[in-house]
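A.B. asks: below are the sequence and a predicted model for it; my questions follow.
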Amino acid sequence: MRTLEGGQLTAVNSRPVEAPALSSGRLLVFLVPILIAGSVTALMAAVAAFVGWQRPFMLVAAAGAGGLMAVPILVVIYRQVADRREAMRALQDVQARVGGIVESAMDAIVTIDEMQRVVQFNAAAERVFGWPRAAVVGQRLDMLIPPRFREAHGLHVEEFGRTAVTSRGMGQQAVLRGLRADGTEFPIEASISQHLEGGRKLFTVILRDVTERVHNEELLARDESRMRGILESAMDAIITVDERQHIVLFNKAAEEVFRCSRDEAVGAPLDWLIPERFRRGHGRLVQGFGAAGSESRRMGHVRVVMGLRRNGEEFPVEASISHVEEQGQRFFTVILRDVSARIRAEEALRHSQQEIQELALASSTAREQEKSRIARELHDELGQSLTALKIDVSWLRDNLGERPPEVAGKLDAMHGLLDSTVAAARRISADLRPMMLDDLGLVAAAEWLVDNFTTRTGIPCTLALGNGDLDLPDPYATTIFRVLQECLTNVAKHAGATHVHVDFMRDAEHAVLTVTDNGRGFAAEASSPTGSFGLIGMRERAYIVGGELTLSSTEGGTRVQLRVPIREAA
C-alpha cells in the first residue's frame, strides 16, 4: 500500500488481517465483574492477614487472588494492542487506496495547509506545472500562480477557510491561470475543498489544464464571428428554418429583400415569405427534401420560385436549399437571390432578340425579293434582248451575201460574244435566285444545284431525299437552299473533296439538311477566319428562322447540319 510522507506517496506492504472473534471492548465488559470480585477478595485477604486472622492462609489467598486478576488484565491489554494494530493497518489500507487514486488521477491534485504551503503534489500536477514534486512540497502555493493573481488567490483561500462550505468550484466568473516552471501561463479549471487532519486545516485543489479547450473555444468563437460577418455581408438572403419551418436565422440581406426586420422574422413561420398559392407545395417540397437525404439542392431550376415581401409584393427568386442536423434536430438553410432585375433584363433581351430576328427576317426576305426581281429582269428582259440581238446577228451573217472576210470575222465574233453574254446573264440570274425555286419548289431547286455543282466542279455529289413534303414555303425554303448553296461553294473552294453527299429529310418537328464531304477538314477554332463570312452567314440564316446549324470537322471530312422547326414553318 501507499502512504503520504512529506507530500510524497510511498509504498508499504499490506496484507488483509482477520478480525478477532471478540473485540477488547466486549471482552472488558465480561472481565470487569471478575476483576471487581478478585480485587475485593484480595483486599479482604490482605486485611485479614494484616490483623493476624489466619495470617499464612490469608497471605496465600491474597497472592492467589492478585495472580488471578493479572490474567484478565493482561488479556485486556493484549486485545487493546491488537485492536490498535488492526486499526493502523486499516488506516494504511485506506491511505494506500486514496494514494493510488490521487497518483493515477488525470487531473492535478494539490493540497496546501493554512499557511498555503504545498503538502501534496501528485504526478498529474508534475506534468501540468512542469515542476518535480520535491521542488514544490513545502513551498508556498504562489510559485504556481502568476504574480498578478497571487494576492487575490490568497484572500480567496482564506475566505473559503472561514466558511462552513466543504467544497466549491473556482473560476466561475473569470478564467483562472496557472504558472508553469518555464514561466508560461495557462488556463485552468479548478475546484477546492477543505478538511481537518491532525488538528490542522488542509485545502485540496483539483485542477485541469484547459488550454486546448480554451483554444478550441477561441477558434470556435472566431469562426462564429467570421461566419456572422459573412452572413451579414452576404449579398444573397440567407434564411434558416427548423423542422417546423419556423425561422431561426435571418441575415441583413434577407431583411432588405423581404423588407422585414430580423426581430419580426425570427420565430415566424416561413409561410410569411411565400405567396399563399405556393405555401402547401413548398412545405411538401421541404419535407420531401429532408426525407430524400440529399445535403443540398437547387430550387427553381424547373420553374420560377416566387417570394413575398412584407408589403404583399411578389417577386421572383433563385434559391438553393441545404440541411444539417444539430443535436438531433434538423435545420434547413435557404440561400436566395432576388432576380427581378435579371428577369426584366432577360425579358428585354428576349424582346430585343425577337425584334432583331424579325428585322433580320424582313431584311432577308426583302433581299431575296430584290434578288428575285433582278434575276427575273436579267432572265426575261436582258435575256430576251440578247437573244433578239443574237438572232439579228445570225440573220446578217446569213443574208449579207458576198462580204469581206473581216466583216464575216466580226459577225462571228459578235455571235460568240452574244452566246457568252446570254450564258453569263443566265448564270448570274440563277446565282441571284434560281427561277425553279419559285416555280418548281425546293426539291427541284436542290436537285438542280447538286447537278450544277457536279457539272461545274467534276466532283460527284449525291442527293438523298426523305419521305414527306419537302417543299417548304419561304423563308424556310430560301434558307435551306442558300445554306446548301454555301456548303457546296465551300467544298469547291476549300475542301479538296472527291465526293459530297447531301441528305434532306423531315421528321415530326424539323426539316433536316445534312451536307457531308470527305475533304481535308479544318480546325473548329478556324471555322470563321477574319474576312470570311460564309459560316457566319449560314448561322445567321439558321437563327433568323429559329433553326440551328451545327458543324463538325476532322481530317477525314466535314459535316454541316441545319435543323429548321417545321411547326414554325407551317
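C.D. replies: Done, it's in.

A.B. asks: just the endpoints, please. Distance across stretch 141-149?
C.D. replies: 12 Å (Cα to Cα, to the nearest Å).

A.B. asks: off-centre distance for that stretch?
C.D. replies: Mean C-alpha position of stretch 141-149 versus that of the full chain (Cα atoms, centre = their mean, to the nearest Å) differs by 47 Å.

A.B. asks: list the buried ones in that stretch?
C.D. replies: Buried residues in stretch 141-149, defined by neighbour count with 16 or more other Cβ atoms under 10 Å: L141, D142, L144, I145, P146, F149. To be clear about C-beta, it is placed using only N, CA and C from the backbone, and glycine gets the same treatment.

A.B. asks: among the residues you listed, which two are most distant?
C.D. replies: Greatest spacing in the buried residues of stretch 141-149, by Cβ to Cβ: L141 and P146 (12.1 Å).

A.B. asks: give me the contacts around the helix or strand where T111 lies.
C.D. replies: Here T111 is covered by strand 108-112, with elements defined by DSSP states H and E. With Cβ atoms under 8 Å, 6 or more residues apart in numbering as the test, strand 108-112 has contacts from 7, 102, 118-122, 124-125, 127-129, 141, 144, 157, 202-209.

A.B. asks: now pLDDT, distance to V564 and secondary structure too, for the buried residues of stretch 141-149, in a markdown table please.
C.D. replies: Written out in a markdown table, the entries for those read as follows (pLDDT from 0 to 100; distance: Cβ to Cβ, whole Å; DSSP: H, G, I helix; E, B strand; the rest coil):
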| residue | pLDDT | distance to V564 | secondary structure |
| --- | --- | --- | --- |
| L141 | 91 | 94 | helix |
| D142 | 91 | 95 | helix |
| L144 | 93 | 90 | helix |
| I145 | 92 | 90 | coil |
| P146 | 93 | 86 | coil |
| F149 | 89 | 87 | helix |
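
A.B. asks: same list (the residues you listed) but as JSON lines, adding distance to A464.
C.D. replies: Formatted as JSON lines, the entries for the buried residues of stretch 141-149 read as follows, by distance: Cβ to Cβ, whole Å:
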{"residue": "L141", "distance to A464": "103"}
{"residue": "D142", "distance to A464": "103"}
{"residue": "L144", "distance to A464": "98"}
{"residue": "I145", "distance to A464": "98"}
{"residue": "P146", "distance to A464": "95"}
{"residue": "F149", "distance to A464": "97"}
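
A.B. asks: of all those, which comes closest to D398?
C.D. replies: The shortest gap between D398 and any of these belongs to P146, at 132.6 Å (Cβ to Cβ).

A.B. asks: doesn't L176 make contact with the closest one?
C.D. replies: No. Using Cβ atoms under 8 Å, P146 makes no contact with L176, being 9.8 Å away.

A.B. asks: returning to that earlier point: of the contacts of strand 108-112, keep whichever come out buried.
C.D. replies: Neighbour counting by 16+ other Cβ under 10 Å classes 7, 102, 118-122, 124-125, 128-129, 141, 144, 157, 202-209 among those as buried.

A.B. asks: would you map out the domains in this protein?
C.D. replies: In terms of domains, the chain is parsed into 2-101, 105-215, 234-338, 342-433, 442-569 (source: automatic domain parsing).

A.B. asks: can I get the ones you listed in CSV with distance to R226?
C.D. replies: Listed next are the domains of the chain as CSV, based on distance: least, Cβ to Cβ, whole Å:
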stretch, distance to R226
domain 2-101, 44
domain 105-215, 16
domain 234-338, 12
domain 342-433, 29
domain 442-569, 44
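
A.B. asks: which of these has the lowest mean pLDDT?
C.D. replies: Least confident of these, judged by mean pLDDT, is domain 2-101 with a mean of 60.

A.B. asks: elements contacting the helix or strand encompassing R213?
C.D. replies: Using DSSP H and E, R213 falls within helix 211-233. Helices and strands touching helix 211-233, as assessed by 3 or more Cβ pairs under 8 Å, 6 or more residues apart in numbering; DSSP states H and E, comprise strand 185-197, helix 252-258.
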